[in-house]
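**Q** sequence first, predicted model second:
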Amino acid sequence: MRNPSKFLFLSLLLFLPSQLGKHFWPPFSFINGLRIDYLSPTIYFTDIIILLLFLEMLPVLLRTIKIRVLIPVAIALLYLSVLSLYSQWPVSSLLGVVRVGEVVIVSWFISRFIGRENMSKHTITVLSISLIVVSILAIWQYFSQHSVGGFWYLLGERSFSIATPGIANANLSGSLILRPYATFPHPNVLGGFCVLMVCYLLYFSRWQVGQLERMLLVTAVFGGAITTTLSMSRSAIVVLTAVIAVWLLCRIGKSAKNIVLTLLFGIGGGGLLLASGALVRFSSLRITDEAVILRELLTIQGLQIINNNFWTGVGVLNYLPTLALTLDPLLPYRNLQPVHSIYLLIMSEAGIVGLFVFILGVLFCIQKTWKSKGYRLGKYMLLLAALLLGITDHYFYTLHQGQLLLGFVFGVLIAVYPASYFTDSKAKNRGTSIQRLSSKKTMPSVSLKISRTRVSRRKIA
């Protein structure tokens, strides 16, 4: 590809699920002598791609940036920076503000490229390949019950097995089953990635593409659905079911083929839930389960921090160090976790003002979607999926891959898609034919009038 910016953008989409990076361990990344991944400054491979793309697109950014958008973003980042300087761990907090700025930049990249007609085919293909690769690795890990190793380490896979302390597993009828990680830090993040990618591929793809692209697309959607089920993330499975159900309901009445497709999806989905044991994970859920009790405890701790720092919060990335000061050092290490909700976490670190700014950003994206000419349903479903996943987990805010996914969602919402990119090809053809008919009605009469005038002038002369 001759255009470096397009190549870097597609590379960013391709390596979106990768967590390959170099961790650093300064003193503020330790709590009670334990290394905390959330607090470790890390340079990821995707950070390098983003930096190169930013330098390549900087002249375009300076030329096209709008003051009414730049000022609110600058004020929000300045507000977070001031909070960071007055927090107990300012260096860690300032690094967190840099990550927030990176999310804004990624959103701009997505909105700039993903709506271009000449990039649509490449975008869908690259995202399909990325989802297929992740699905292959996750399914491999599920059946082998340990990490694969080898080449997969370069994509971000970490070494683990079912006997690794603290590994995520599921108790299915008395048997412990390793939940696959793929290249993500946790199976829940894997499930969230698959949900958002399947949602985008379903609602934004043009199914009249070539045979190879359609084959990749269908394989990616089915692979993503299988991987989400095998991840056994309850929230991801519920949200993905809703995403697919709405997509099928919008098409079920158009043809008999869609009715058959709906039945196949229903039968296949039910069989997959039974075969993987995910249905047992739902049916065996009790309020006395360790996962429920731990989330309840983390929520109570988060509300206590919010109550003590209601207006300004404790500073970006200062939640865990603040929580460590209130916990008994003899408590298990697993209690030292972020509250499993991005909304409570934002409010605890940035205060009610920070949560209000986040809500304003979401409302801005909704407004841009409402004014857009196409893909409103797809954009709303993508945003709804991310917001629902954020209720029960924190990775959109605390983990680099989750932050990139959130930037991807916001970028798609504010992107402007040309009319030729719409999925409804019949409507596009109708509009084109109407325009041609109107032009044919006007042009001949004008030319005929001119020719008659010239002939009459010649006769008079």
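**A** Received, thanks.
**Q** what is whatever helix or strand A245 lives in packed up against?
**A** The secondary structure element spanning A245 is helix 234-249 (assigned by DSSP states H and E). With contacts taken as 3 or more CB pairs under 8 Å, 6 or more residues apart in numbering; DSSP states H and E, helix 234-249 sits against helix 187-204, helix 211-231, helix 256-276, helix 278-283, helix 376-392. For glycine as for every other residue, the C-beta is placed from the backbone atoms N, C-alpha and C.
**Q** next, format those helices as JSON lines and append mean neighbour count.
**A** Output for these, formatted as JSON lines (neighbours: other CB atoms under 10 Å):
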{"stretch": "helix 187-204", "mean neighbour count": "26"}
{"stretch": "helix 211-231", "mean neighbour count": "20"}
{"stretch": "helix 256-276", "mean neighbour count": "13"}
{"stretch": "helix 278-283", "mean neighbour count": "15"}
{"stretch": "helix 376-392", "mean neighbour count": "19"}
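**Q** any chance of those in TSV, plus mean pLDDT and distance to I129?
**A** As requested, the helices and strands packed on helix 234-249 are arranged in TSV below (pLDDT from 0 to 100; distance: least, CB to CB, whole Å):
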stretch	mean pLDDT	distance to I129
helix 187-204	95	11
helix 211-231	90	7
helix 256-276	65	23
helix 278-283	71	26
helix 376-392	95	20
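**Q** can you add distance to L13 and give the ones you listed back as TSV?
**A** Output for these, formatted as TSV (distance: least, CB to CB, whole Å):
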stretch	distance to L13
helix 187-204	10
helix 211-231	13
helix 256-276	26
helix 278-283	28
helix 376-392	15
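**Q** out of the ones you listed, which is closest to S173?
**A** Distances from S173 to each of the helices and strands packed on helix 234-249 were compared using CB to CB; the shortest belongs to helix 278-283, at 6.1 Å.
**Q** CA atoms of that closest one as CSV?
**A** Written as CSV, here are the backbone C-alpha positions of helix 278-283 (Å, rounded to 0.1, in the frame of the first residue of the first chain):
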residue,chain,number,x,y,z
ALA,A,278,-21.8,-22.0,29.5
LEU,A,279,-25.5,-22.7,30.1
VAL,A,280,-24.5,-24.5,33.3
ARG,A,281,-22.5,-21.5,34.4
PHE,A,282,-25.7,-19.4,34.1
SER,A,283,-28.0,-21.9,35.8
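**Q** what packs against that helix?
**A** With contacts defined as 3+ CB pairs under 8 Å, 6+ apart, the packing partners of helix 278-283 are strand 169-172, helix 234-249.
**Q** from the chain's centroid, how far away is it?
**A** Relative to the chain's own centre, helix 278-283 is displaced by 26 Å; criterion: CA atoms, centre = their mean, to the nearest Å.
**Q** coming back round to it: looking at the helices and strands packed on helix 234-249, which is nearest to A415?
**A** Across the helices and strands packed on helix 234-249, the minimum distance to A415, taken as CB to CB, is reached by helix 376-392, at 8.6 Å.
**Q** so where do the helices sit in the stretch 1-150 of the chain?
**A** 4-14, 45-64, 67-85, 90-113, 117-144 (DSSP state H, counting those that start in this stretch).
**Q** tabulate the ones you listed (TSV), appending mean pLDDT.
**A** Compiled in TSV, those are given as follows (pLDDT from 0 to 100):
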stretch	mean pLDDT
helix 4-14	94
helix 45-64	94
helix 67-85	92
helix 90-113	94
helix 117-144	91
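**Q** closest one to G315 among those helices?
**A** Between G315 and the helices of the stretch 1-150 of the chain, the shortest gap by CB to CB is with helix 90-113, which sits at 4.1 Å.
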